[in-house]
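Visitor: output the structure for:
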Amino acid sequence: MADKMEPVASTAGDTMVDEVVERLLDKADASGAALLGEGGLLTEITRAVLERALEAEMSEHLGYERGDPAGHGSGNSRNGASPKTFLTDAGVGTLAVPRDRNGDFEPRLVPKNARRLAGFNDRTLSLYARGMSVRDIRSHLAQIYGVEVSPDLISKVTDAVVDELVGWQNRPLDAIWPIIYIDALWVKIRSGSVTSKPVYLAVGVDMDGRKDVLGLWAGAEGEGATTWMAVLSELRNRGVEDVCIVVCDGLKGLPDAVTATWLKATVQTCVVHLIRASLRLSSVRDHPKLVPALRAIYTAPTEQAAGQALEAFATSDLGERDPAVVRTWRTAWPEFTPYLAFPPAIRTVVYSTNMVESINSRLRKATRKRGHFPSEQTLLANLLCA
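Guide: Numbers count the residues shown, from 1 in each chain. Reported below is the predicted structural model:
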């Protein structure tokens, strides 16, 4: 019976909420009141809720409710309230913070000397992370929330992102990782002029099978094995002692950098990168025949079968027309073949660096909205806060 009654109660509660909302909106329409900003409907509702919560905190602090005779002779009592300006996502308002005669009441909801609630700070950080400049953020807050915020205040709030980013970037890591994927993503960053720069990314799979972004590093204008060596060395210095499989693209010198860092690590070249390189090296008119020829290589049941498929392709008319494709696969062969020793379920996990594609998609989306990131900090903050 109780289970059957729950939907009725829920419906009644929803109806009550709808009625209250309708009344408030009707009142706002009738009086011409705004929803946001100083004196706005949502700001006033927020103020009322906060003051009710602060009164509850005061009752808890004193040990008795307002007007309760139990408070007589308790040694402490209410002593009016102090006005306090506060900022929230709904706007700016004035809050009456209760006081006690002993002066030792410490509100938890709105701490002393704090004038911005967490949601307001989070919204400012979110704007910063999405690539908005300090001037853009000031304009946005003034238009939407009806509050003028100084550049110094915004800088203090956004500095929290930088501090968090530095702490996250230098955090200790587990000693053993079954799989680490490394790849470089290309984004547009303003540094004097707008240029495309690589962002070096490392994503690990831990012993429990969970993914974790191990680090992000904004690089110079070109991707290079030397920079990757520095990145891998940093991961080792942060505690990564051993890695079973490192999946990476076919950048020259990168496999040597991996094995120099973790001697026993198996290097797996990203098969998707290898296919893309092959398509770039061949004529477009050959692609309809080239794709199935390559598929026969990378889907082979064993390394021996893959080698036979490569030789068949190399001696065919197609292979003779595209000798650069054949050379590419033979050069990458030692790092291409390791995943062929695994069953299909494992192959799908280690054959490509596309594990980082979701992060790449988020970067592309953020870049499309603005065109470029105004600085490396906003780029990294965007990924950290997303």
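
Visitor: drop to CA atoms for contacts and neighbour counts, all remaining ones
Guide: OK.

Visitor: for stretch 289-302, buried residues please.
Guide: 290, 293, 294, 296, 297, 298, 302 (16 or more other CA atoms under 10 Å).

Visitor: typo on my end, it should be stretch 174-183
Guide: Using 16+ other CA under 10 Å as the test for burial, stretch 174-183 gives 177, 178, 179, 180, 181, 182, 183.

Visitor: and what about the fifth one, helix, strand or coil?
Guide: When states are read from DSSP: H, G, I helix; E, B strand; the rest coil, the local structure at residue 181 comes out as strand.

Visitor: hey, where'd the helices end up in the stretch 151-300 of the chain?
Guide: In the stretch 151-300 of the chain, the segments counted as helices under DSSP state H, counting those that start in this stretch are 151-169, 225-237, 254-261, 271-281, 287-298.

Visitor: and the fourth one, what does it pack onto?
Guide: Helices and strands touching helix 271-281, by 3 or more CA pairs under 8 Å, 6 or more residues apart in numbering; DSSP states H and E, are helix 287-298, helix 323-336.

Visitor: and what of the shortest one?
Guide: Using 3+ CA pairs under 8 Å, 6+ apart as the contact test, the elements touching helix 254-261 are helix 225-237, strand 266-269.

Visitor: what do you get if the cut-off is 7 Å, keeping everything else the same?
Guide: The contact analysis (3 or more CA pairs under 7 Å, 6 or more residues apart in numbering; DSSP states H and E) places helix 254-261 against helix 225-237.

Visitor: quick one: the helix it packs on to helix 254-261, angle?
Guide: Orientation of helix 225-237 against helix 254-261 (axes from the mean of the first three to the mean of the last three CA atoms, to 10 degrees) gives an angle of 30 degrees.

Visitor: give the rounded mean pLDDT of helix 225-237.
Guide: Helix 225-237 carries an average pLDDT of 91.

Visitor: mind putting the buried residues of stretch 289-302 into JSON lines with pLDDT and distance to residue 169?
Guide: JSON lines is the format used below for those (pLDDT from 0 to 100; distance: CA to CA, whole Å):
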{"residue": "290", "pLDDT": "95", "distance to residue 169": "42"}
{"residue": "293", "pLDDT": "95", "distance to residue 169": "43"}
{"residue": "294", "pLDDT": "95", "distance to residue 169": "39"}
{"residue": "296", "pLDDT": "96", "distance to residue 169": "41"}
{"residue": "297", "pLDDT": "96", "distance to residue 169": "39"}
{"residue": "298", "pLDDT": "95", "distance to residue 169": "36"}
{"residue": "302", "pLDDT": "94", "distance to residue 169": "40"}
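
Visitor: and those residues, which is closest to residue 96?
Guide: residue 298 (69.5 Å; CA to CA).

Visitor: and the nearest residue to that closest one once chain neighbours are set aside, how many neighbours?
Guide: In space, and not counting its chain neighbours, residue 298 is closest to residue 306: 6.6 Å by CA to CA, 6 or more residues apart in numbering. Close neighbours of residue 306, defined as other CA atoms under 10 Å, add up to 21.

Visitor: quick check, residue 306 in contact with residue 293.
Guide: No. If you go by CA atoms under 7 Å, residue 306 and residue 293 don't touch, sitting 10.8 Å apart.

Visitor: with adjacent residues omitted, what lies nearest to residue 186?
Guide: residue 198 (4.5 Å).

Visitor: how many neighbours does that neighbour have?
Guide: 20.

Visitor: could you check how far it is from residue 233?
Guide: Taking CA to CA, to the nearest Å as the criterion, residue 198 is separated from residue 233 by 18 Å.

Visitor: out of the buried residues of stretch 289-302, the closest to residue 228 would be?
Guide: Using CA to CA, those come closest to residue 228 at residue 298, 26.4 Å.

Visitor: how far away is the closest one from residue 318?
Guide: With distances taken as CA to CA, residue 298 is found 17 Å from residue 318.

Visitor: now swap in residue 51 and tell me
Guide: For residue 51 relative to residue 318 (CA to CA), the value is 78 Å.

Visitor: separation between the closest residue to residue 201 other than its chain neighbours and residue 301?
Guide: Distances taken as CA to CA, 6+ apart place residue 216 nearest to residue 201, at 4.9 Å, with adjacent residues excluded. Distance, residue 216 to residue 301, using CA to CA: 36 Å.

Visitor: ditto for residue 263
Guide: As judged by CA to CA, residue 263 and residue 301 stand 28 Å apart.

Visitor: about what we covered before: which element is the residue nearest to residue 298 on?
Guide: Assessed by DSSP states H and E, residue 306 sits inside helix 303-314.

Visitor: residues contacting whatever helix or strand comes next after that helix, please?
Guide: As assigned by DSSP H and E, the chain's next helix or strand after helix 303-314 is helix 317-321. Here helix 317-321 makes contact (CA atoms under 7 Å, 6 or more residues apart in numbering) with 313, 314, 326.

Visitor: which residues touch the residue nearest to residue 201?
Guide: For residue 216, the contacting residues are 199, 200, 201, 202, by CA under 7 Å, 6+ apart.

Visitor: and those residues as JSON lines, adding neighbour count and pLDDT?
Guide: As requested, the contacts of residue 216 are exported to JSON lines (neighbours: other CA atoms under 10 Å; pLDDT from 0 to 100):
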{"residue": "199", "neighbour count": "23", "pLDDT": "81"}
{"residue": "200", "neighbour count": "19", "pLDDT": "86"}
{"residue": "201", "neighbour count": "21", "pLDDT": "86"}
{"residue": "202", "neighbour count": "24", "pLDDT": "91"}
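
Visitor: how about CSV for the helices of the stretch 151-300 of the chain, with distance to residue 348 added?
Guide: Formatted as CSV, the helices of the stretch 151-300 of the chain follow (distance: least, CA to CA, whole Å):
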stretch, distance to residue 348
helix 151-169, 29
helix 225-237, 24
helix 254-261, 21
helix 271-281, 11
helix 287-298, 12
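
Visitor: out of the ones you listed, deepest packed?
Guide: The highest mean neighbour count among these, using mean count of other CA atoms under 10 Å, belongs to helix 254-261: a mean of 19.

Visitor: much appreciated, bye for now.
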